[in-house]
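Engineer: Fold the stuff below for me.
(chains A and B)
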Amino acid sequence: DSGVTQTPKHLITATGQRVTLRCSPRSGDLSVYWYQQSLDQGLQFLIQYYNGEERAKGNILERFSAQQFPDLHSELNLSSLELGDSALYFCASSVGRGVNNSPLHFGNGTRLTVT
Amino acid sequence: AQSVTQPDIHITVSEGASLELRCNYSYGATPYLFWYVQSPGQGLQLLLKYFSGDTLVQGIKGFEAEFKRSQSSFNLRKPSVHWSDAAEYFCAVVPPSGGSYIPTFGRGTSLIVHP
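Structural biologist: This is a model prediction of the structure:
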C-alpha cells in the first residue's frame, strides 16, 4: 500500500459531462502529481501541486483543472468530456518538489470511461 | 528532443530465466533515472533509482539496473524471473536541470512470464 488514496476507482459517464477525481496524498507528502495513462499516449504528466500551489504544468487540456486544498488533498476536474478522455488517471505524491525527494508514490488510479 | 525510450513493448521469458529490459534516454546531460513496476490494477511502484555514483544500482524484488553513459542507457535486469514478476515496467527520467523535477515516463514494457 503506497498510502496514496484515489476515489472513485471507476467512473462511467457520458460525453459532455463533468467529473471530479479525488486524491489524498501519503501522510507527510506535500507534492501531488496527476498523470493520465492511455494505451495510445502512455503515461502523460498533467499537473503538479506543492503545498497548495501549482508548480508545474504538463499536457493538461484547458477542459481540465485541478487544485490542492489546505489539507493537501487534491481534486482533478474534467469537463466537457470526450470519448478520448477515457483513461486511467493516477495521482502520485512526494515529500517535496525536488528530485532528491523522490520517489513518487502512486495511487491505484481512477479508471474513467466516457460513453 | 529530450526523450526516454523503451524499445520493447512486450518481453516473454520463462520462469527462472534471466531478464533484461532496455531503456534509453536522450538528454544533453545525464538525467536522474528510475524504474517503476505496475502490477495489474495497481499504481506504479519504484524499483530503483540512479542519481550518481556507482553505476550498478540494486533495487527491490531482486532487480538491478546498470547506467551506461556511453550508451545513454539504464537497463533493468534480474537473474531469475518469478511468475509474480509479470507486470508492466516503466523507465522514467528527470531532467538534471530546469527546476521542475517532473518524471517523464517511457511507454512501458509488458513482461510475460511462462511457467
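Engineer: what does chain A put close to chain B?
Structural biologist: Listed as neighbours of chain B in chain A under the rule CB under 8 Å from any CB of the partner chain: A:2, A:4, A:33, A:35, A:42-43, A:45, A:48, A:55-56, A:58, A:90, A:92, A:97-100, A:102-104, A:106-109. For the C-beta atoms, the positions are set from N, CA and C on the backbone; glycine is no exception.
Engineer: Mind checking which of those residues are in strands?
Structural biologist: A:33, A:35, A:42-43, A:45, A:48, A:55-56, A:90, A:92, A:106 (DSSP state E).
Engineer: Give me the buried entries from those.
Structural biologist: A:33, A:35, A:42-43, A:45, A:48, A:55-56, A:90, A:92, A:106 (16 or more other CB atoms under 10 Å in any protein chain shown).
Engineer: and which of the residues you listed is nearest to chain B?
Structural biologist: Closest approach to chain B among those (CB to the nearest CB): residue A:106, at 3.2 Å.
Engineer: ok, back up a step: which of the buried ones among the ones in strands among the residues of chain A next to chain B has the weakest pLDDT?
Structural biologist: Of all these, residue A:42 carries the smallest pLDDT score, 88.
Engineer: Would you confirm that that one contacts residue B:106?
Structural biologist: Yes. Checked against CB atoms under 8 Å, the pair residue A:42 and residue B:106 is within contact range at 7.4 Å.
Engineer: circling back to that earlier point, which pair in the ones in strands among the residues of chain A next to chain B spans the largest distance?
Structural biologist: The most widely separated members of these, counting by CB to CB, are A:42 and A:55 (22.1 Å).
Engineer: Now residue B:60, what are its backbone angles?
Structural biologist: Note on residue B:60: backbone dihedrals following degrees, to the nearest 10 are phi -80, psi 160.
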